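>>> After the sequence you'll find the predicted model.
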Amino acid sequence: MSKKRYTHIFFDLDNTLWDFHTNSFHALHAAFQKFPNLNESTGFTTFFNTYSKYNHELWNTYRNKKVAKKELVLQRFQKTFHELNVSGVDAGEMNSLYLSEMPKQKKLIEGAVELLEYLMVKGYSLLIITNGFREVQFKKLEITGLAKYFNKVFISEDIQSPKPHRQIFEYAVKSSNAPKNKSLMVGDDWEVDIRGATNFGIDAVFYNADKQNDEQKIKFIKQNRSLVYSVNSLKDLRSII
């Protein structure tokens, strides 16, 4: 099958280009060390795993528009403190320290810079669609040097519509003057990035770093009217575009 010609490529940021798993671990550890009460009451690994559980749950709720940002950022720490019987630590202060440490972390997904260099030379219009918080996402892009590759950055907090909702994809595509049939979304989250993009009607690439083998996903790829590709590394994108 011949390659389809795309002109606009929309990237997710976290865990697609910026290594969220690794960077969030180190950012939270830096914040954790500034609270003696935490060091005395629990080990960091237990704290991180408990926090990650609640953070994941609350982000799913946030994407479904059932919790506000100000509640999310406090509850993820409040719930962690409650489960671990931690007292004397302010959830708001913990969150502020954590978010201040996040953009300082610079680890990127392997092959990210090489891919973006390749695509920029080829003349593609490169854009970001992300669900992260505005004050953090722009700093990540600047500090890692990724900002120079992207024409526009679309953040759910600004648009008031998180992925996978149709509105954020529609806003991003229209604001970029991107033809839908020449637009491609690249992301690591099947439900948020891939279903979101294809439900809007644009093609998508599932960055499947964990090599998930889910029959429902394979069936979706075969049946959906939009094209859905799956790659295990960013360098494999070159074979598609």
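Yes, it's here. A quick note: this is a predicted structure, and the numbers were derived from the prediction, not measured.
>>> can I see the domain layout of the chain?
As assigned by automatic domain parsing, the chain contains the domains 8-18+108-239, 21-104.
>>> Of the ones you listed, which stretch is the most buried?
Among the domains of the chain, domain 8-18+108-239 has the highest mean neighbour count (mean count of other C-beta atoms under 10 Å), at a mean of 18. (Glycine included, C-beta is placed from N, CA and C.)
>>> and that domain, how far apart are its ends?
Domain 8-18+108-239 has an end-to-end distance of 16 Å (C-alpha to C-alpha, to the nearest Å).
>>> got JSON lines for the domains of the chain, with mean pLDDT too?
As requested, the domains of the chain are exported to JSON lines (pLDDT from 0 to 100):
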{"stretch": "domain 8-18+108-239", "mean pLDDT": "94"}
{"stretch": "domain 21-104", "mean pLDDT": "94"}
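>>> where's residue 205, which helix or strand?
Assigned by DSSP states H and E, residue 205 belongs to strand 203-207.
>>> For that strand, name the packing helices and strands.
strand 183-187, helix 196-200, strand 228-231 (3 or more C-beta pairs under 8 Å, 6 or more residues apart in numbering; DSSP states H and E).
>>> If we use 7 Å, what do you get?
strand 183-187, strand 228-231 (3 or more C-beta pairs under 7 Å, 6 or more residues apart in numbering; DSSP states H and E).
>>> can you redo the ones you listed as CSV with distance to residue 129?
Converted to CSV, the helices and strands packed on strand 203-207 look like this (distance: least, C-beta to C-beta, whole Å):
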stretch, distance to residue 129
strand 183-187, 7
strand 228-231, 16
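>>> Looking at those, which is nearest to residue 91?
strand 183-187 (29.7 Å; C-beta to C-beta).
>>> From residue 88, how far off is residue 185?
From residue 185 across to residue 88, the span is 44 Å (C-beta to C-beta, to the nearest Å).
>>> Contacts for the helix or strand hosting residue 80 next, please.
Assigned by DSSP H and E, residue 80 falls within helix 69-83. For helix 69-83, the surrounding residues in contact (C-beta atoms under 7 Å, 6 or more residues apart in numbering) are 47, 50-51, 54-55, 58, 62, 89, 91-92, 94-95, 133, 157.
>>> Now render the residues you listed as CSV, adding secondary structure and distance to residue 29.
Shown next, in CSV, are those (DSSP: H, G, I helix; E, B strand; the rest coil; distance: C-beta to C-beta, whole Å):
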residue, secondary structure, distance to residue 29
47, helix, 9
50, helix, 14
51, helix, 11
54, helix, 17
55, helix, 15
58, helix, 20
62, helix, 24
89, coil, 15
91, helix, 17
92, helix, 19
94, helix, 12
95, helix, 15
133, coil, 20
157, helix, 25
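>>> so who does the closest residue to residue 77 other than its chain neighbours touch?
Once flanking residues are discounted, residue 77 sits nearest to residue 91: 3.9 Å by C-beta to C-beta, 6 or more residues apart in numbering. Contacts for residue 91 were tallied using C-beta under 7 Å, 6+ apart; they are 74, 77, 78, 81.
>>> Need those in CSV (columns: distance to residue 191).
CSV is the format used below for those (distance: C-beta to C-beta, whole Å):
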residue, distance to residue 191
74, 25
77, 25
78, 26
81, 29
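>>> Just the pLDDT at residue 1, thanks.
Among the per-residue scores, residue 1 holds a pLDDT of 49.
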